[in-house]
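Make a model of this:
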Amino acid sequence: MSPPGEVEFFVDSGTVPATDEDAVDLGQTQVPRWALVLVVVLIAGLLMTMAAQTRHKPVATATPQPLPIVASPASTSGLGAPIPFGRASPALDLGATVPIFVLESGRLYRVTDTTAVGVNLDGPGFTRIGTPPRLVVDAAANRAWVVPIDTPDADIVEFDAGNLHRLRTLHSRESVRDTAALGGHLYLARSTGLADVTPGATAPTLLPVLGGFVASVAADPKRHRLLALVLNVGASMQQITVGGTVPGAHASVPVAGGNVRVTQDGAIWLAGFGSATAGAVVLRLDPKTLRPLLTSAVAARLGASSRIESAGDRDIWVRSAGDGEGLWCVDGRSGSILQHWPSVRGPVASVEGVAFASMEGALVPLVLDGCTG
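Okay, here's the model as predicted:
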């Protein structure tokens, strides 16, 4: 799909200077001036009649519009018109005031209302990227990272989030299970613990304060900490500050695996599969004790396991860990189901009341009706 062209209408209001001739030469034919006058009078009368019939109707004016990305309310799929990505992606009317970063089809994009910038991921440091890499952004530190997941001996690449200039490449010998960024640090959840990539470092450093299999890690910027799901004899949630200290919050959680995510307004959610009984688990955790606070009803619809695709401003985006196409928007406070899309593939992100999925080389808006993002 290419951006639509622009069509402009011009109205010429100029006049032709009058002469003293009695006839006007139209090609080879001499037409009497009185005949032309009669024609003008008849046309004027017709226009006055039409104006009288429509004078009470509102006049619609055509205004050039930006590329539309929001579907009409009549959309049955709940998806807006896809916006393809390419080397010459147009500026888009995103309806958001912050940049949206997209990792799609071997390229990293930074999209705003006025610009769409993309860089290739096929240079040095990307030759070993497997399936699929994670994109992590630390807006406060102006950094973005592309991190291979479940890929040993892979390279992690750091970018300037403002212009997508490549800053450094780091090698990770061990597979990364999950990743998060906070305070300019990049944290890597691995089977041997939690590793820290400090600003300017050439390699990750294992934090000695947190041992065991770290299945997931998430930033909690509102409380200036990280949250880690650790799998040892049982599963537990632990908090870590920037720099690697553990202040003391620790709680057992009833999962055998999964991931943790935090909404922008501070709601903490854990999804995965149960340790005692079969089936998906979707839990909101108490921010002080990290113990389960409530269970979302969406868990009953997710089969054997679940995962949190992403966390928005106030809601979370949840999938079944099995088929991966059904998508649910869940209220970040109450856990109630707000919306469901039966077939949405690819990463999903939301911000300030708008949401997008990256699917098959295009940015696809999700039509929100109840979900606030």
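
Shouldn't Lys222 be within a helix?
Yes: using DSSP: H, G, I helix; E, B strand; the rest coil, the assignment for Lys222 is a helix.

And it, how close does it get to Asp178?
Distance of Lys222 to Asp178, given as C-beta to C-beta, to the nearest Å: 20 Å. C-beta coordinates here come from the backbone N, C-alpha and C atoms, glycine included.

of the two, who's got more company?
Asp178 (24 against 13; other C-beta atoms under 10 Å).

I'd guessed that one sits against Ala219; true?
No: using C-beta atoms under 8 Å, Asp178 is not in contact with Ala219; the gap is 11.2 Å.

Can you find the helix or strand in the chain with the smallest mean pLDDT?
The weakest-scoring helix or strand in the chain, judged by mean pLDDT, DSSP states H and E, is strand 23-26 (a mean of 34).

element containing the closest residue to Gly373 other than its chain neighbours, please.
Spatial nearest neighbour of Gly373, chain neighbours left out: Ser350 (3.5 Å); criterion: C-beta to C-beta, 6 or more residues apart in numbering. Per DSSP states H and E, Ser350 falls inside strand 348-351.

partners of that strand in the sheet?
Strands flanking strand 348-351 in the sheet, each with its direction: strand 354-359 (antiparallel) (DSSP bridges).

could you pull out the helices for the chain?
Counting by DSSP state H, the chain has helices at residues 33-54.

so where's it uncertain?
1-77, 85-97, 105, 122-131, 243, 276, 323-324 (pLDDT under 70).

contacts for the strand holding Ser350?
The contact list for strand 348-351, computed with C-beta atoms under 8 Å, 6 or more residues apart in numbering, reads 96, 98, 100, 309-310, 312-313, 315, 317, 327, 355-358, 366, 371, 373.

Swap in 6 Å and give it another go.
With C-beta atoms under 6 Å, 6 or more residues apart in numbering as the test, strand 348-351 has contacts from Ala96, Val98, Glu309, Ser310, Gly312, Trp317, Phe356, Ala357, Gly373.

and these, which are buried?
Among these, those that count as buried by neighbour count (16 or more other C-beta atoms under 10 Å) are Ala96, Glu309, Gly312, Trp317, Phe356, Ala357, Gly373.

returning to what we had before: which two among the contacts of strand 348-351 are spaced furthest apart?
Pairwise distances across the contacts of strand 348-351 peak at 19.0 Å for Val98 and Glu309 (criterion: C-beta to C-beta).
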